[in-house]
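Colleague: Everything below, folded, please.
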Amino acid sequence: MPKWVRLEVRTHPEAQEAMAHQLTEMGAEGLVLDSDGSTVLLTAYFPLDDAAGERLLEAKRRLDRLESFGLRIAPARVSARLVEFDQWDERWKSHFNPQRFGDRLLITPTWIPVPDDAPEAVVLLDPGMAFGTGAHPSTQLCLDFLVSLDVRGWRVADVGTGSGILAIAAAKLGARQVEAVDIDPDAVQVARENVEKNAVASCVKLTTGTIETLVGPYDLILMNILAGVILPALPAICQRLAVGGLAVLSGITTAETSEVKSALMAKGLSLLQERRREEWSALLVSRAESRLEV
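Modeller: Below you'll find the model as predicted:
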């Protein structure tokens with residue numbers, strides 16, 4: 001029977017997406033996320049080979065490094081053990097189910113048949129890159145805002161695209177053009193594969209870079225990153241938003257929300273609405289007068 005190493009990382013929810021990305025970069029062939037609200041457990045599966053010991057140390061190093069980016073990582077525990085079963089891939093797949101957002105959007109793994117009553121927009125994603133499956137509250141908040149807008153014909157930017165989930169959803173909901181960027185070339189490649197899988201390559205352009213890479217103007221900017229990245233990017237957001245344009249800013253912990261609100265208003269952006277889920281907040285803001293009443 002094949003042998004696998006099950007590597008478990010227990011950390012703070014704030015570091016969930018970033019650490020999931022790190023484990024995927026390390027070559028995890030399956031990744032399961034479990035959370036009790038205050039902590040998150042990431043379980044990654046790797047083939048048993050000579051690199052097993054070094055892989056454990058590398059996971060510890062990568063988790064510690066996230067703290068230098070301002071993410072809380074405590075309790076920050078990493079462990080590994082040998083497992084023997086040949087159906088682990090089916091077991092971790094069982095953790096991922098289709099998710100509906102309003103009556104307009106469905107996010108579903110590729111191995112689950114699309115239901116007959118599926119909404120107008122269906123996004124197919126595999127959870128190999130778990131940070132981009134829509135499982136994280138900050139991503140869910142972005143998608144909640146996205147389905148509440150009528151983006152048909154809009155020009156949209158997705159900054160920090162990750163798996164491309166927001167860019168693909170915007171395209172499926174009728175955006176005329178979507179430009180997506182990420183500083184990680186590996187993430188861009190994953191996003192490109194997902195874009196092609198969802199047959200939206202004709203309107204989604206992917207680039208390795210930051211918001212400064214984009215030109216604009218945009219009707220909508222989606223930014224699901226971290227408050228520490230959003231705050232210095234506010235001037236660039238203002239410059240690239242069309243008059244009356246909207247931005248959805250997510251990845252902000254509730255403790256950081258007041259600081260972000262004060263900063264965006266100082267830059268001439270208007271707060272239209274705030275949504276919260278667990279420890280996370282997302283803000284819908286506009287440049288000058290918005291086309292949306294809330």
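Colleague: just the helices in the stretch 151-294 of the chain please.
Modeller: With DSSP state H, counting those that start in this stretch as the criterion, the stretch 151-294 of the chain has helices at 165-172, 185-197, 227-240, 257-266.
Colleague: ok, longest strand in this protein?
Modeller: strand 241-253 (DSSP state E).
Colleague: sec struct for the nearest residue to Leu124 once chain neighbours are set aside, please.
Modeller: Nearest residue to Leu124 in three dimensions, chain neighbours excluded: Thr110, at 5.0 Å (C-beta to C-beta, 6 or more residues apart in numbering). Just so you know, the C-beta spots here come from the backbone N, C-alpha and C atoms, and that holds for glycine as well. Recorded secondary structure, Thr110: coil (DSSP: H, G, I helix; E, B strand; the rest coil).
Colleague: Could you check how many residues crowd around Thr110?
Modeller: 12 (other C-beta atoms under 10 Å).
Colleague: And the chain, what are its domain boundaries?
Modeller: 3-93, 136-287 (automatic domain parsing).
Colleague: and the longest one, how far apart are its ends?
Modeller: One end of domain 136-287 to the other measures 27 Å (C-alpha to C-alpha, to the nearest Å).
Colleague: And it, how far out from the chain middle?
Modeller: 10 Å (C-alpha atoms, centre = their mean, to the nearest Å).
Colleague: Kindly report the same for the first one.
Modeller: Distance of domain 3-93 from its chain centroid, counting by C-alpha atoms, centre = their mean, is 17 Å.
Colleague: before we move on, the earlier item: buried stuff in the longest strand of the chain?
Modeller: Neighbour counts using 16 or more other C-beta atoms under 10 Å place Leu241, Ala242, Gly245, Leu246, Ala247, Val248, Leu249, Ser250, Gly251, Ile252, Thr253 of strand 241-253 among the buried residues.
Colleague: Leu106 falls within a helix, correct?
Modeller: No: read with three-state DSSP, Leu106 is strand and lies in no helix.
Colleague: Arg176 - nearest residue in space that isn't next to it in sequence?
Modeller: In space, Arg176 is closest to Gly153, 4.9 Å off (C-beta to C-beta, 6+ apart).
Colleague: which residues touch the residue nearest to Leu124?
Modeller: Leu124, Leu125, Asp126, Lys197 (C-beta atoms under 8 Å, 6 or more residues apart in numbering).
Colleague: Gly174 now?
Modeller: Asp150, Val151, Arg152, Gly153, Trp154.
Colleague: which one is the second one nearest to, not counting chain neighbours?
Modeller: It stands for Val151. That would be Ala175: by C-beta to C-beta, 6+ apart, it lies 4.8 Å from Val151.
Colleague: What is the neighbour count of the one you found?
Modeller: 24.
Colleague: Against Gln140, how distant is it?
Modeller: According to C-beta to C-beta, to the nearest Å, Ala175 and Gln140 sit 19 Å apart.
Colleague: do the same with Asp64
Modeller: For Asp64, the distance to Gln140 equals 28 Å [C-beta to C-beta].
Colleague: Which one of these two is surrounded by more residues?
Modeller: Taking neighbours as other C-beta under 10 Å, Asp64 and Gln140 compare with Gln140 leading, 21 against 12.
Colleague: Which neighbouring elements make contact with whichever strand or helix holds that one?
Modeller: Assigning secondary structure by DSSP states H and E places Gln140 in helix 137-148. Counting contacts by 3 or more C-beta pairs under 8 Å, 6 or more residues apart in numbering; DSSP states H and E, helix 137-148 is packed against strand 99-101, strand 105-108, helix 165-172, strand 218-224, strand 241-253, strand 269-277, strand 280-287.
Colleague: Dump those to JSON lines, plus distance to Leu31 and mean pLDDT.
Modeller: Converted to JSON lines, the helices and strands packed on helix 137-148 look like this (distance: least, C-beta to C-beta, whole Å; pLDDT from 0 to 100):
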{"stretch": "strand 99-101", "distance to Leu31": "17", "mean pLDDT": "92"}
{"stretch": "strand 105-108", "distance to Leu31": "17", "mean pLDDT": "93"}
{"stretch": "helix 165-172", "distance to Leu31": "16", "mean pLDDT": "96"}
{"stretch": "strand 218-224", "distance to Leu31": "19", "mean pLDDT": "96"}
{"stretch": "strand 241-253", "distance to Leu31": "20", "mean pLDDT": "93"}
{"stretch": "strand 269-277", "distance to Leu31": "21", "mean pLDDT": "94"}
{"stretch": "strand 280-287", "distance to Leu31": "20", "mean pLDDT": "93"}
